[in-house]
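# need a 3D model of the following:
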Amino acid sequence: MEINLPEVLAEVTAQFERYEQALVSNDVAVLDELFWNSPHTLRYGATENLYGFDAIRDFRAARPAQGLARTILKTVITTYGRDTATANVEFQRTGSTSTGRQSQTWVRMPEGWRVVAAHVSLLA
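Residues are numbered from 1 along each chain as shown. All right, here's what the predicted structure looks like:
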């Protein structure tokens, strides 16, 4: 298996950057697009466990649009072959001293790269 093939890494990085921009601007349509529309998709958040695309979509639709700005402290994107990748970041929300962590598993689907699993947590 080839790790971090340059063209695959560039593809995933571009999608991750789209996700990040959509996250901080609350572009729910893009966030929904980038998550795999499947009951197998999951997202563990800082305060919620969401199982299935519908639960993730409903959470985003109800979430307040304020307080989403953040600074990325470190990003590690790794691709495994041509169809699987992970993206991990450390971040800090504007106005907070806590460090947050976000991990995503991306898979190339027929419709493009999609997040199939995600986790967000804050360090105490």
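# any idea how far Val107 is from Arg82?
Between Arg82 and Val107 the computed distance is 11 Å (CB to CB, to the nearest Å). Every residue, glycine included, has its C-beta placed from N, CA and C.
# brain fart, Pro6
Remark: distance between Pro6 and Val107 (CB to CB) = 19 Å.
# same deal with Val76?
Separation of Val76 from Val107 (CB to CB): 18 Å.
# His119 too?
Going from His119 to Val107 by CB to CB gives 16 Å.
# can you classify the residue nearest to Ala124 when sequence neighbours are not counted as helix, strand or coil?
Computed as CB to CB, 6 or more residues apart in numbering, the closest residue to Ala124 that is not its neighbour in sequence is Ser98, at 7.7 Å. Following DSSP: H, G, I helix; E, B strand; the rest coil, Ser98 is assigned to coil.
# who are the contact partners of Ser98?
Ser98 makes contacts with Gln92, Leu122, Leu123, Ala124, as judged by CB atoms under 8 Å, 6 or more residues apart in numbering.
# again, only using 10 Å
Applying CB atoms under 10 Å, 6 or more residues apart in numbering, we find Ser98 in contact with Ala46, Phe91, Gln92, Leu122, Leu123, Ala124.
# quick one on the thing from earlier: more crowded one of Val76 and Val107?
It is Val107, of Val76 and Val107, that has more neighbours when counted by other CB atoms under 10 Å, with 13 against 10.
# so the more buried one sits in a strand?
Yes: in this structure, Val107 lies within a strand as judged by three-state DSSP.
# the closest residue to it other than its chain neighbours: helix or strand, and which one exactly?
Leaving aside its chain neighbours, Val107 sits nearest to Val116 (5.0 Å; criterion: CB to CB, 6+ apart). Element membership for Val116, per DSSP states H and E: strand 112-122.
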